[in-house]
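Engineer: Could you work out the structure for the sequence below:
(one chain, ligands or ions: 1)
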Amino acid sequence: MSLSVKHLLGIKELQKQDIDSIFQTADNFKQVLQRPIKKVPALRDTTVANIFFENSTRTRISFELAEKRLSADVVNFSASGSSVSKGETLIDTVNNILAMKVDMVVMRHSASGAPWFLANHIDASIINAGDGVNEHPTQALLDAFSMREKLGDLKGKRIAIIGDIMHSRVALSNIYCLNKLGAEVMVAGPPTLIPKHIEELGVKVTYDVKKALQWCEVANVLRIQLERQHKPLFSTLREYALYYGVNKQMLDSLEKEIVVMHPGPINRGVELSSDAADSSQSIILDQVENGVAIRMAVIYLLSGKRDIVE
Ligand code: CP
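Structural biologist: Below you'll find the predicted structure:
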């Protein structure tokens, strides 16, 4: 198995066959992660640099664990405390890291398109760990993988993505991924947080969160990204929670039991109440667990190594 791409920049560039290969490989790695020794020698002699120009908890730790479970050598770089503050450019920073014989780069950057820019200037494979408001491909893959675990084949399944669609790279990558897998997608939230013409991506739109919950089998609730909102797009967080937040009472009022997801970090009590986030319908921590297997699969397949997976 191999991928049709050299880098994982976005889901947009992937074929359905690539996603199937990643899921099949992640299934194998998930079994490895249940064993007492959760490690395979597949990436021995490979060095991966995790280069984070933006904050992260889940993604950074998940990539580092995935690399270590594959026996790769790992270096971590955070922009804060580095020579970026002295005016060094992105290409100089990365070329200096690559000069130390690094084979693969995992990068998060606040600028949309930064991984594509870098891919035109360096030879090493790049994995996008989130670029601005554009894409977060491994999050979408782990989300779809987690949905597939609960629902089976996603073809024809109804997935609602609820919240700050406008500023969310998770939303865009999820839409691309779910479309490729044949799922139906609805986005829901306030009109000010849903991009105009998003229907052109093949999704349904509603500004009524209850309607989205009644329609869907899975609700993927997204964080309100206040750090990317440079003008007020709703009155108060309290008002947002009242009109667009998802809570347990709403889930209980549905005629069916839907699956609740959130990529994290959660603004508890804003887009998602604690009783919904911590309910038996929530698979939020399963998403985090699956993230390691999915990232192991992506790194392994991009590395071109053909050693053991079992
Ligand atoms: N889901 C996600 O990207 O979380 P972090 O920002 O903590 O990595």
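Engineer: Tell me if stretch 158-178 is near the ligand.
Structural biologist: No. Stretch 158-178 stays clear of the ligand (CB under 6 Å from any ligand atom), getting no nearer than 6.8 Å. The way it works is simple: take the backbone N, C-alpha and C, and place the C-beta from them, glycine included.
Engineer: Report the mean confidence score over that stretch.
Structural biologist: Across stretch 158-178, pLDDT averages out at 97.
Engineer: Now do that stretch: distance from first to last residue.
Structural biologist: One end of stretch 158-178 to the other measures 10 Å (CA to CA, to the nearest Å).
Engineer: Next to the ligand in this structure, residues from the stretch 151-300 of the chain, please.
Structural biologist: For the stretch 151-300 of the chain, the contact set with the ligand under CB under 6 Å from any ligand atom comprises 263-265.
Engineer: what's whichever strand or helix holds residue 170 packed up against?
Structural biologist: Residue 170 belongs to helix 169-180 when assigned by DSSP states H and E. Counting by 3 or more CB pairs under 8 Å, 6 or more residues apart in numbering; DSSP states H and E, the packing neighbours recorded for helix 169-180 are helix 16-32, helix 137-151, strand 158-162, strand 184-188.
Engineer: List the contacts of the residue in the stretch 201-310 of the chain positioned nearest to the ligand.
Structural biologist: The nearest approach of the stretch 201-310 of the chain to the ligand comes at residue 263, 3.9 Å away (CB to the nearest ligand atom). By CB atoms under 8 Å, 6 or more residues apart in numbering, the contact list for residue 263 reads 58, 136, 139, 143, 170, 220, 222-223, 287.
Engineer: What of residue 44?
Structural biologist: Per CB under 8 Å, 6+ apart, neighbours of residue 44: 71-72.
Engineer: wait, residue 174 sits on residue 140?
Structural biologist: Yes. In this structure, residue 174 is within contact of residue 140 by CB atoms under 8 Å, at 4.7 Å.
Engineer: Show me which of the two is the more surrounded one.
Structural biologist: Higher neighbour count among residue 174 and residue 140: residue 174, with 32 against 28, using other CB atoms under 10 Å.
Engineer: so which helix or strand takes in residue 165?
Structural biologist: Going by DSSP H and E, residue 165 is not in any helix or strand.
Engineer: Mean neighbour count, the helices and strands packed on helix 169-180: which tops it?
Structural biologist: strand 158-162 (a mean of 26; mean count of other CB atoms under 10 Å).
Engineer: What helices and strands are in contact with that strand?
Structural biologist: Applying 3+ CB pairs under 8 Å, 6+ apart, we find strand 158-162 packed against helix 169-180, strand 184-188, helix 209-215, strand 218-221.
Engineer: The ones you listed into TSV, with extra columns for distance to residue 50?
Structural biologist: Below are these laid out as TSV (distance: least, CB to CB, whole Å):
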stretch	distance to residue 50
helix 169-180	18
strand 184-188	30
helix 209-215	35
strand 218-221	25
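Engineer: sorry, back to before: just send the residues of the stretch 151-300 of the chain next to the ligand back as TSV, with pLDDT too.
Structural biologist: Shown next, in TSV, are those (pLDDT from 0 to 100):
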residue	pLDDT
263	98
264	97
265	97
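Engineer: Since that was my last question, I'll sign off now.
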